[in-house]
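Asks: sequence unknown, structure follows:
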C-alpha cells in the first residue's frame, strides 16, 4: 500500500521535510487526504522527525550518528534504533542499515 501511494504520501507529509513535520499537530496532519489513515503511524512519523532533529543537533548528521554506532554489536544497534524510533522493528532496522551501506 505504501509503495502504491508513495507519491501521495510524499505530498501529504511535506516531501518528508523534517522541519515542517515537527511543527504540525497529528490531528491537523490527519485532515490531509494524502496522509496515511492510521493515527499511531502519523504520530510516530512526527515523533521520529523530532528524533532526527535531536540526532542532527547532537551528531551533526544522521550519517555521523550511524557511524558512531559501528562500535556497538549489531544486535545492540538494532535494539537502540528500535527504542529510539517508533514503529521500527529490528528486522526493519537491519534492512535499513543494509540499504544505506552501513556494513562494508
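Replies: Okay, I see it. Worth saying up front: this structure is predicted, and the values here are computed from it rather than measured.
Asks: for the protein, longest helix please?
Replies: Ordering each helix of the chain by length in residues (DSSP state H) puts helix 39-59 first.
Asks: name the surrounding residues that touch that helix.
Replies: 13, 18-19, 21-22, 24, 26, 29-30, 35-36, 62, 65, 68, 84-88 (CB atoms under 8 Å, 6 or more residues apart in numbering). To be clear about C-beta, it is placed using only N, CA and C from the backbone, and glycine gets the same treatment.
Asks: next one: stretch 4-16
Replies: 2, 20-21, 29, 32-36, 45.
Asks: just the pLDDT for the residue nearest the centre of the chain.
Replies: By CA atoms, centre = their mean, the mean C-alpha position of the chain lies nearest to residue 48, the distance being 4.9 Å. According to the prediction, residue 48 has pLDDT 96.
Asks: what is the helix or strand following the longest helix of the chain packed up against?
Replies: Toward the C-terminal end, the helix or strand that comes next after helix 39-59 (DSSP states H and E) is helix 62-68. Applying 3 or more CB pairs under 8 Å, 6 or more residues apart in numbering; DSSP states H and E, we find helix 62-68 packed against helix 39-59.
Asks: can you tell me how far the residue nearest to the centre of the chain sits from residue 42?
Replies: Separation of residue 48 from residue 42 (CB to CB, to the nearest Å): 11 Å.
Asks: swap in residue 24?
Replies: The value you get for residue 24 to residue 42, if CB to CB is used, is 10 Å.
Asks: between these two, who's got more neighbours?
Replies: Between residue 24 and residue 42, residue 42 has the larger neighbour count (other CB atoms under 10 Å), namely 23 against 16.
Asks: neighbours around the residue lying closest to the more buried one once chain neighbours are set aside, how many?
Replies: Nearest residue to residue 42, sequence neighbours excluded (CB to CB, 6 or more residues apart in numbering): residue 26, at 5.0 Å. Neighbours of residue 26 under the rule other CB under 10 Å: 16.
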